[in-house]
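Novice: when you get a sec, could you give me coordinates for this:
(chains A and B)
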Amino acid sequence: MTKLTFFPLGNADTTLAELQDGRRILFDYADVATGEEGDKRCDLPKLLRDDMKQADLSSYAVVAYTHLDTDHCAGSSDFFWFEHATKYQGDDRYKIDTLWVPAAAITEEGLDDCARVIRQEARYRLKSGKGIKVFSRPERLKEWLKENGLTIESRKSCFVDAGQLVPEFSLDDDAVEFFVHSPHAKRTDDRGVVDRNGDSIMLQMRFVEEGHHTDLLITGDMPHECIGEIVDITRKKKNDDRLHWDVYHLPHHCSYKSIGPEKGENKTAPTDQVAWLCETAGEENGFIISASKPIPYKGSKEDEDVQPPHRQAANYYKEDVLADTRQFLVTMAEPSSTNPKPLVLLITRDGAVKDTSGGSSIAAGAAGVAPRAG
Amino acid sequence: MLQWIDRGEHCGARLLWCRKQEEADREVIALEVEVPLGQRTTVHPIERYEPIAFIFGDGIVPCAYPIRVGFPFELPHINLAVDQHPKSLCLFDLDPDEIRRILSPALLLERTKWWLCEAAYGRLHGPDQPLDPIFGGYAVPLLFLSPQAQHDGAALAGFRRADTADAPILVDLEDRMQHDQAENKGLTVLNLVTAPVSHGRIRSLPRTVGQLLEVYRDLGVDLLALLQERFRAWCVAGSYEAKFRKAGILIISTPLLREEGVIDGISRKAFAFGETMGDLAEATGVLGREGDGIGPLIGPPVSSEEALAQIQIDPATVYDAFDRKLAAVASGAEPTDEPMKVLLVGCGALGSQLALAAARSGHGQWTCVDPDHLLPHNLARHQLSPQYLGAPKVEGLAHSICGLLGDGSAVGHPTTIQDYLKYPSNGDSAELLIDTSASVPVSRELAANKHLKTPIVSAFLNPTGTDLVVMREGEERNTRLDHLEMDYYWHLVTNESLHNHLSVAGEFMPAGGCRHPSAVISQADVMRAAGEATNEIFGRDGLASGMVAIHASTGDIRATTRLAGNYYTECNVAGWTIAICARVLSSVQRARAEAEPNETGGIVVGAWDRRIRKGYLVALLDPPPDSVQSPTGFVRGAVGVFHELEAIGHATAQNLNYVGEWHTHPPKVQSTPSSDDRLLMQWIDDEVTMSDVPAIMLIGGEDGVRLCVGTTSENCVIGHSEATTKPNSVPDRGAA
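Specialist: Numbers count the residues shown, from 1 in each chain, chains lettered A, B, ... in the order given. Next up is the predicted model:
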């Protein structure tokens, strides 16, 4: 059974997928907790180390950075083994079998800290021609490749474009496949300016369990304009099914800007495309995950904050998208805002279900057999 | 549980309210349980958040009660309750004590969530699980004693063996009932079969006939009309007074539909009422009373609702009679309407236990052959009980098998197998012949019987009873029991862990004196072996070349060895039948090839059956180290020979021994015996003359392997496509 874990990191993102065969895939890495009293954000490195030790693994099958904002890559240089420099190597670091990055992560300049380290790693791997998947048309990096003595042809296998499946995974072999939505064509033209959010990775993760599919949308920090582009392109190509979701990992920490241009008084009004994505392509009995601080109450100080999460956005999702508001899950409020814990969804034959056992090893389904006969 | 929920360790439930019922010493906790439903459309209207009340108290197993208005209580696996009382979820298929042993707050909650999720998706009742009956609930057991009694329209009678309130009611055909049972303690039994109804939830038990009729009316069945029709038929048939004057039992059988039109199970419930069957018949309007007399009323029956509502009924849970099908289902075997015809030779300890173990799994249409009677000392290990003392074993065994599987399932012949098989047709009909005679002569006679077509299986214990041996002949009897017996002996020689397999056991004299000793073997060992033999024979297929299976104990470890049988070539030479193992022939050829240009040879190990004048050449021993091998001759040495033969004799309880010599001729030389060979033959003959068996010599040559028997001129060559017998007129092949 596949397991998805969403970590409580405030307005920051890290999602761990444990595949059926035990391999781990990490989307973003944000070690943002300070450890100070009152900081309820989790100790991400510790939790991940414990998980890897339990699984007896020394590497992640994939580490995917949707984009290089700090709240998606903070602390990476202390946790992972990076091939390009020995100072980022050691027994206590975890290796990355394949690094997934958007094209912007290769070309963006003026980066510092972890974002820079990741960029360097991505460049190193792309030059080596292995252990990397750049989400883009290869042509987007034609100049960069040329500058580094490489050709598109020689590095074609390191790229995956929007509208394609990542070739290394399949439902038959891995019980999971990844359909790439972004960066899409408009975003991968050489515009000279990097728009990290709009250029971030957005994909549909499709799982199969006993013949049934369950879909998760990973959206990075995608604004509504880009979501709209993606919806239009996808529908034009009659690929509607590729925007279906049972679990919607909200873009940008429940920001209204991922729904529509105006926040609204109590509820953000969606664009047509966002409305289609949320209300038609999605499952009303699905889950919406907001990797964010708790949704502010109306009139509170947090409600005045321009930064997400936005109450009005949450109201749209809760009232207009989901059949039950309790399916709207906030990472810093599960199971409660006073004591948030990693939020776990299990992919079962019935779809995505919340794991509420608290990590209990009780196999309830097996608790019905008397142990002896005679 | 409250503390645990309050701690927040488990986020799948939220406290709604809790209260204490002082008078009933109960505590109730109501939780909103988060049901782990995915996005698939559910089959039943279970909601994602269900309010459930958990009731705790001393002496009870905590139960989960759905408290949402509109909860689908017609689902299966919901516990019964008296009408108007809350209904709880049937969470466990365990005894209360087992539940108490494992129950914790976490398990109770997880199990409840699991129940709700599985119920929502319609998976709670598996497709291979029997359908729930219409009525559930604990009730007095009613036992059908024979399958024929379960048929619609059968004339039935019932009785109880004891007068206690919970004593089972026994029901059988009237004419099978013993007189005193039927008369003194008898009950009138009416068995009705209704039209099929759809599978649904278990209903609460009705308490009166009126309520019973209402339940069936809801299901679309006019039970009243069925009753009236049956009572009328009794009246028309006459001799009804005795029936109507006795206390009555009503059995209602209703076929259950899993899907539209597919019957998958029968719900059978019985109801005993304190009044007589005549009272019920009167209430239905069929019977009338005049003083002390009773009789049928004329005209359409007019029932009395008031009277029907006053007839109290006590439920009885019906247990179907044991039959072959139930035997198979309960054992995990495949039910069949055409059981295999089994001929069982030998009905002693192992045979009787094997037969009954197999019968309890529904196997076999049995013919049992054994001349012995059951004696007191047999009771230590025999399946039969003391009531059969002095009777032929086969009689008791057949009777026991028929009692399980029905009349005609077994017959007994208290005779020897030799006499039984004098009539070839007796053996022809058997599809499986099991020899549990524990007699080597019997086994060998069966092996030699050319009329028997079906491969024979032989099962026996070693002398101490610790090990079981099962030998199964090959396809079309191409390897026979006696061949497998030889393979078995040779395996004892070559397998060190079995060197004491045939060690002598203790014995005692059940009748004093020194005749007819009986082995000292525990019933536990026999019982274990019988189980192993049953599984071996009925649960496994044989091999084309036959098979020997040895279940042996070494210390605390029980291990099974299975050997494929070896083919044997049989020749009739000099008045003896000699069976030569294929291993022997190939060994001669191989040794000849490896030794060339020299001759080589050694000792032949085998066995003799003087009674049937048959010899078995089972294995070759390598040339002793002091043998002389040259291109012109071979002289077999003596170093180690004695000890080797002694060890072989010990391991096989003297069943294998020295039978002769083998040697090879050089390349391009035929197997024709030389003058030296003839001298050697004479020497062998001198060695074995006191054993009353012929000398044996095998010679490997260019033309094959020659078998020489005795000092006569008869011999034959084997190893080519045909075995030929020809007089020994071949000249010397050269100086030795």
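
Novice: which residues in the stretch 151-300 of chain A form strands?
Specialist: Taking DSSP state E, counting those that start in this stretch as the criterion, the stretch 151-300 of chain A carries its strands at A:159-160, A:176-182, A:202-209, A:212-218, A:245-249, A:282-290.

Novice: what about B:Ile252, distance to B:Leu213?
Specialist: Per CB to CB, to the nearest Å, B:Ile252 is found 11 Å from B:Leu213. All C-beta atoms are positioned from the backbone trio N, CA, C, and that covers glycine.

Novice: which one of the strands of the stretch 151-300 of chain A lies closest to B:Asn572?
Specialist: Closest approach to B:Asn572 among the strands of the stretch 151-300 of chain A (CB to CB): strand A:202-209, 69.4 Å.

Novice: partner strands of the closest one, with direction?
Specialist: With DSSP bridges as the test, strand A:202-209 is paired with strand A:176-182 (antiparallel), strand A:212-218 (antiparallel).

Novice: pull it out as PDB, backbone CA atoms only.
Specialist: Output in PDB follows, covering the C-alpha atoms of strand A:202-209 (Å, rounded to 0.1, in the frame of the first residue of the first chain):
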ATOM      1  CA  MET A 202       3.000  20.500 -11.400                       C
ATOM      2  CA  LEU A 203       2.200  16.900 -11.900                       C
ATOM      3  CA  GLN A 204      -0.500  14.300 -11.400                       C
ATOM      4  CA  MET A 205       0.600  11.200  -9.500                       C
ATOM      5  CA  ARG A 206      -1.500   8.300 -10.300                       C
ATOM      6  CA  PHE A 207      -1.500   5.200  -8.000                       C
ATOM      7  CA  VAL A 208      -3.000   1.800  -8.600                       C
ATOM      8  CA  GLU A 209      -4.100  -0.500  -5.800                       C
END
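
Novice: give me the contacts around that strand.
Specialist: With CB atoms under 8 Å, 6 or more residues apart in numbering or on different chains as the contact definition, strand A:202-209 has outside contacts at A:1-2, A:17, A:20, A:66, A:166, A:171, A:175-182, A:213-220, A:222, A:226-227, A:230, A:242-245, A:251, A:347-349.

Novice: list only buried entries from these.
Specialist: Among the contacts of strand A:202-209, those buried by neighbour count (16 or more other CB atoms under 10 Å in any protein chain shown) are A:2, A:17, A:66, A:166, A:175-182, A:214-220, A:222, A:226-227, A:230, A:242-245, A:251, A:347-348.

Novice: anything in contact with each of B:Ile252 and B:Leu213?
Specialist: If you check B:Ile252 and B:Leu213 against CB under 8 Å, 6+ apart, the residues they both contact are B:Leu223.

Novice: got the contact list for A:Trp276?
Specialist: A:Trp276 neighbours (CB under 8 Å, 6+ apart): A:231, A:235.

Novice: neighbours around residue 342, how many?
Specialist: No chain was given, so I picked chain A. Residues near A:Pro342, counting by other CB atoms under 10 Å in any protein chain shown, number 19.

Novice: I was thinking of chain B, sorry if that wasn't clear
Specialist: 24.

Novice: excluding its backbone neighbours, what's nearest it?
Specialist: For B:Val342, ignoring the flanking residues on the chain, the nearest one in space by CB to CB, 6 or more residues apart in numbering or on different chains is B:Gly364 at 4.2 Å.

Novice: give the contact list for that neighbour.
Specialist: So B:Gly364 contacts B:339-342, B:355, B:358, B:401, B:409-410, B:432 (CB under 8 Å, 6+ apart).

Novice: which pLDDT value goes with A:Gly359?
Specialist: A:Gly359 is assigned 55 on the pLDDT scale.

Novice: oh sorry, the question was meant for A:Ala366
Specialist: 45.

Novice: same question for A:Asp190.
Specialist: 55.

Novice: same deal with A:Gly220?
Specialist: The model's pLDDT for A:Gly220 equals 87.

Novice: wait, is B:Glu27 part of a strand?
Specialist: Yes - B:Glu27: assigned to a strand according to DSSP: H, G, I helix; E, B strand; the rest coil.

Novice: which residue is the nearest non-sequential neighbour of it?
Specialist: B:Phe56 (4.8 Å).

Novice: looking at chain B, which helix or strand is least sure?
Specialist: strand B:724-727 (a mean of 33; mean pLDDT, DSSP states H and E).

Novice: show me what counts as buried in the helix ranked longest in chain A.
Specialist: The longest helix of chain A (DSSP state H) is helix A:113-128. Neighbour-count burial for helix A:113-128 flags A:114-127 (criterion: 16+ other CB under 10 Å).

Novice: ok, now stretch A:236-249?
Specialist: Across stretch A:236-249, burial judged by 16+ other CB under 10 Å covers A:242-249.

Novice: wait, what's in contact with A:Asn315?
Specialist: A:Asn315 touches A:266-268, counting by CB under 8 Å, 6+ apart.

Novice: can you say which of those residues are buried?
Specialist: Of the contacts of A:Asn315, these count as buried by 16+ other CB under 10 Å: A:267-268.

Novice: do a quick rundown of the helices in chain A.
Specialist: Going by DSSP H, chain A shows helices at A:44-55, A:70-73, A:76-79, A:104-107, A:113-128, A:142-147, A:171-174, A:224-236, A:272-275, A:311-316.

Novice: now what about the longest one, what contacts it?
Specialist: So the one you mean is helix A:113-128. Applying CB under 8 Å, 6+ apart, the contact partners of helix A:113-128 are A:65, A:68-70, A:73-77, A:82-85, A:88, A:99, A:101, A:105-106, A:108, A:111, A:131-132, A:134, A:141, A:148, A:150, A:155, A:158.

Novice: tell me the mean pLDDT over it?
Specialist: Helix A:113-128 shows a mean pLDDT of 96.
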